[in-house]
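Undergrad: Next comes the sequence, and after it the predicted model I'd like to discuss.
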Amino acid sequence: MELHDLRPDSGAKKKRKRVGRGAGAGQGKTAGRGTKGQNARSGGGKGLYFEGGQLPLARRLPYKRGFTNIRKVYYTPVNLKNLAEFDFGDEAVTPEIMAAIGLIKKSTDPVVVLGDGEINTSLVVKAHRFSATAKEKIEAAGGTAELLPLK
């Protein structure tokens, strides 16, 4: 077998329809466009946007700017003053415990600890993010702020 012997499978390539090449070709004279009218002319026909005079869908929908970033992480905020209200003992404060006592709705949501309020007890706080002031206040009280990985 040589390069010049290579051929596509039969039926794999369809011949182009050559319209307007005489009556014997089956698509002569009007070339399958019918007689007269907008669609018989060159460049004829309505645009994709046109809906028969009805207000097009693109104009019926409200105009919205920008886009939604699908990779944005929405953190559930927890303030230090909320953590100071509860006695955790020697237990580390995790999102599971926060959900159990009602500080957050779901333990699977990412949590950010914010520095609003004061804390006097030394706590081991585990969260997905800490504000700078929250971290300072936790460490000043003798506790530690541990970062959890985002899932």
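TA: Received it, and whenever you're ready, just let me know what you need.

Undergrad: Report the contact partners of S107.
TA: T94, P95, E96, M98, A99, A100 (Cβ atoms under 8 Å, 6 or more residues apart in numbering). Just so you know, the C-beta spots here come from the backbone N, C-alpha and C atoms, and that holds for glycine as well.

Undergrad: who wins for neighbours among the residues you listed?
TA: With neighbours taken as other Cβ atoms under 10 Å, the top of the contacts of S107 is M98, carrying 25 neighbours.

Undergrad: Please give me every residue in contact with the closest residue to that one other than its chain neighbours.
TA: Here the nearest residue to M98 in space, its sequence neighbours aside, is I104; by Cβ to Cβ, 6 or more residues apart in numbering that works out to 4.8 Å. In this structure, I104 makes contact with T76, V78, P95, M98, V111, judged by Cβ under 8 Å, 6+ apart.

Undergrad: sorry, back to before: which members of the contacts of S107 are positioned in helices?
TA: When those are checked against helices (DSSP state H), the matches are P95, E96, M98, A99, A100.

Undergrad: Mind telling me the two of those farthest from one another?
TA: Between all members of the ones in helices among the contacts of S107, the longest pairwise span (Cβ to Cβ) is found for P95 and A100 and amounts to 9.7 Å.

Undergrad: which of the residues in the longest helix along the chain are buried?
TA: What stands out as the longest helix in the chain, according to DSSP H, is helix 132-140. Residues A134, K135, K137, I138 are the ones in helix 132-140 that count as buried (16 or more other Cβ atoms under 10 Å).

Undergrad: Which pair of those spans the longest distance?
TA: Every pair in the buried residues of helix 132-140 was compared (Cβ to Cβ); the two farthest apart turn out to be K135 and K137, at 7.5 Å.

Undergrad: quick one: pLDDT of the residue most central in space within the chain?
TA: Nearest residue to the geometric centre of the chain (Cα atoms, centre = their mean): I70, 3.1 Å. Turning to I70, the model gives it a pLDDT of 94.

Undergrad: my read is it is in a strand, agree?
TA: No. When DSSP: H, G, I helix; E, B strand; the rest coil is applied, I70 is found to be coil, with no strand at that position.

Undergrad: ok, now how distant is it from V78?
TA: Taking Cβ to Cβ, to the nearest Å as the measure, I70 falls 25 Å from V78.

Undergrad: these two touch, right, T144 and A127?
TA: No. Taking contact to mean Cβ atoms under 8 Å, the distance of 11.5 Å between T144 and A127 leaves them out of contact.
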